[in-house]
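>>> I need the structure of the sequence given here:
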Amino acid sequence: MEGLYKFFEYSGFANITPGHVVMISVGLLFIYLAIAKEYEPLLLVPIGFGIIVGNIPFVENIGLQLGIYEDGSVMNYLYFGVLKGVYPPLIFLGIGAMTDFSTLLSNPKLILLGAAAQVGIFLTFMGALALGFTPEQAASIGIIGGADGPTAIFLSSKLAPELVGAIAISAYSYMALVPVLQPPIMRLLTTKEERVIRMKPPRAVSKTEKIMFPIIGLLLTTFITPSALPLLGMLFFGNVLKESGVTKRLADTAKGSLIDIVTILIGLTVGASTQASTFLRPQSILIFGLGAVSFMVATAGGVLFAKFMNLFLKGENRINPLIGNAGVSAVPDSARVSQVIGQEYDKTNHLLMHAMAPNVAGVIGSAVAAGILMSFLLHVL
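Alright, predicted model coming up:
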């Protein structure tokens, strides 16, 4: 009987807390949304399952090496890639290998929409400072507005590793909820006349332009902010692999098996990092709320700046403001939202190819913003 009692004492049934129940329920909700609603299943299934894994109750610090925060555990080793910023550059390599910058090159002014959407990052940074977060924590929270999970993880791993779990969950949650959160803002800030604006077809872009762009883009962006080199270097390297035409096997690996493997690892470990004992704090809820504000402001910033640009554009050069939402980095989901909302008002108006320009610009913009914040906080303050 004593042996049975000891066995029960170390089981999950004896160690479960209300916090574990809450977090396991959150994990199940993520999996439900991924399967039933198809909200970013490639992200939410690994994260949701990781949340469940991270919240299986057990007795800590008795040498079993089970928890993600226990030295020597398997999950702790896998989490190393998050804490040291290894996984995000590999994700960017895959993104670069699957990204076509043609629409951006054919209409360069649309890069301004990607830049305008980053306003959410800096406004939330100031708001987080006002709420008592340290500058490093505030910067890590603000980057959630870019709706770019890898960039959020990369920056927070450098500036505020204690908040990586909460920030990563927030960033990936808002990436998954792009089809839910963005449409109301887009409708609120545009008129019926603006929603049916037809943009002129993009011009054909030569192979030389496609090859030169990632090289020139790398030099320009990293000379401005060298701190973003791990992200931007891998992004543009992946794009060179794609556009060169002579490294198809490498490009296929980067955008296929490699990015899939890293997505599994990053999703599972980020989810597992939400152990109830470390995650369920008022600070985490506040971060989630600030992330929502950041994301909504970023969406509004892109839409409003498109309207502002139209004050100086005439005829077919005008921009449909519905593509302004794509300035956030959620590729390609925010561009798809532009297409879906646009076709609600004109089924023959195809905005997807235009929306991809600010969408890929947003990826670059959020990485540049992260580099600026990192440089300022690590070297200036």
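
>>> How about the contacts made by residue 115?
By Cβ atoms under 8 Å, 6 or more residues apart in numbering, the residues touching residue 115 are 327, 361, 365. Any C-beta I mention is one placed from the backbone N, CA and C, and that applies to glycine too.

>>> From residue 362, how far out is it?
Separation of residue 115 from residue 362 (Cβ to Cβ, to the nearest Å): 9 Å.

>>> which residue ranges form the strands in this structure?
Taking DSSP state E as the criterion, the chain contains no strands.

>>> residue ranges with poor pLDDT in the protein?
Applying pLDDT under 70 to the chain flags the ranges 61-63, 379-381.

>>> any common contacting residues for residue 115 and residue 362?
Here residue 115 and residue 362 have residue 327 as joint contacts, going by Cβ under 8 Å, 6+ apart.

>>> Next up, the contacts around the residue nearest to residue 167 when sequence neighbours are not counted.
Closest residue to residue 167 apart from its sequence neighbours, by Cβ to Cβ, 6 or more residues apart in numbering: residue 156 at 4.5 Å. By Cβ under 8 Å, 6+ apart, the contact list for residue 156 reads 140, 143, 163-164, 167-168.

>>> Looking at those, which is nearest residue 85?
residue 164 (9.8 Å; Cβ to Cβ).

>>> Pull the number of nearby residues for that closest one.
24 (other Cβ atoms under 10 Å).

>>> next one: the one 5 residues further on
Applying the criterion other Cβ under 10 Å, we find 27 residues in the vicinity of residue 169.

>>> I'd say it and residue 272 touch.
No: counting by Cβ atoms under 8 Å, residue 169 does not reach residue 272; the two are 11.0 Å apart.

>>> My read is that residue 333 contacts residue 181, right?
No: using Cβ under 8 Å, residue 333 makes no contact with residue 181, being 10.9 Å away.

>>> which ones are touching the nearest residue to residue 159 once chain neighbours are set aside?
In space, and not counting its chain neighbours, residue 159 is closest to residue 136: 3.9 Å by Cβ to Cβ, 6+ apart. By Cβ under 8 Å, 6+ apart, the contact list for residue 136 reads 159-160, 377.

>>> Mind doing that once more with 10 Å?
By Cβ atoms under 10 Å, 6 or more residues apart in numbering, the residues touching residue 136 are 155-156, 158-163, 373-374, 377-378, 381.

>>> Just the buried ones among those residues, please.
Among the contacts of residue 136, the ones that count as buried by 16 or more other Cβ atoms under 10 Å are 155-156, 158-160, 163, 373-374, 377.

>>> Please work out how many residues are found near residue 186.
For residue 186, using other Cβ under 10 Å, the count is 22.

>>> where's it relative to residue 205, distance?
28 Å.

>>> tell me which residues in the lengthiest helix in the chain are buried?
Ranked by residue count under DSSP state H, the longest helix found in the chain is helix 282-310. Of all the residues in helix 282-310, those buried under the rule 16+ other Cβ under 10 Å are 283-284, 286-288, 290-306, 309-310.

>>> cool, stretch 179-198 as well?
For stretch 179-198, by 16+ other Cβ under 10 Å, it's 179, 181-183, 185-187, 189-190, 194-195, 197.

>>> Restricted to helices, list those residues.
Those of the buried residues of stretch 179-198 lying in helices (DSSP H): 179, 181-183, 185-187, 189, 194-195.

>>> still on that earlier bit, and the furthest pair within the buried residues of stretch 179-198?
The distance between the two most remote of the buried residues of stretch 179-198 (Cβ to Cβ) is 23.0 Å, for 181 and 197.

>>> which one is residue 48 nearest to, not counting chain neighbours?
Using Cβ to Cβ, 6+ apart, the nearest residue to residue 48 is residue 30, at 3.0 Å.

>>> residue contacts, the one you found?
If a contact means Cβ under 10 Å, 6+ apart, then residue 30 has 39-41, 43-52, 169, 172-173, 176, 267, 271 as its contacts.

>>> who touches the closest residue to residue 157 other than its chain neighbours in this structure?
Using Cβ to Cβ, 6+ apart and skipping the chain neighbours, the partner closest in space to residue 157 is residue 85 (4.5 Å). Going by Cβ under 10 Å, 6+ apart, residue 85 touches 150, 153-158, 161, 164, 230-231.

>>> Mark which of those are part of helices, please.
Using DSSP H, those in helices are 150, 153-158, 164, 230-231.

>>> Nearest to residue 257 among these?
residue 150 (17.5 Å).

>>> you'd agree that closest one is up against residue 88?
Yes: using Cβ atoms under 10 Å, residue 150 makes contact with residue 88 at a distance of 3.7 Å.
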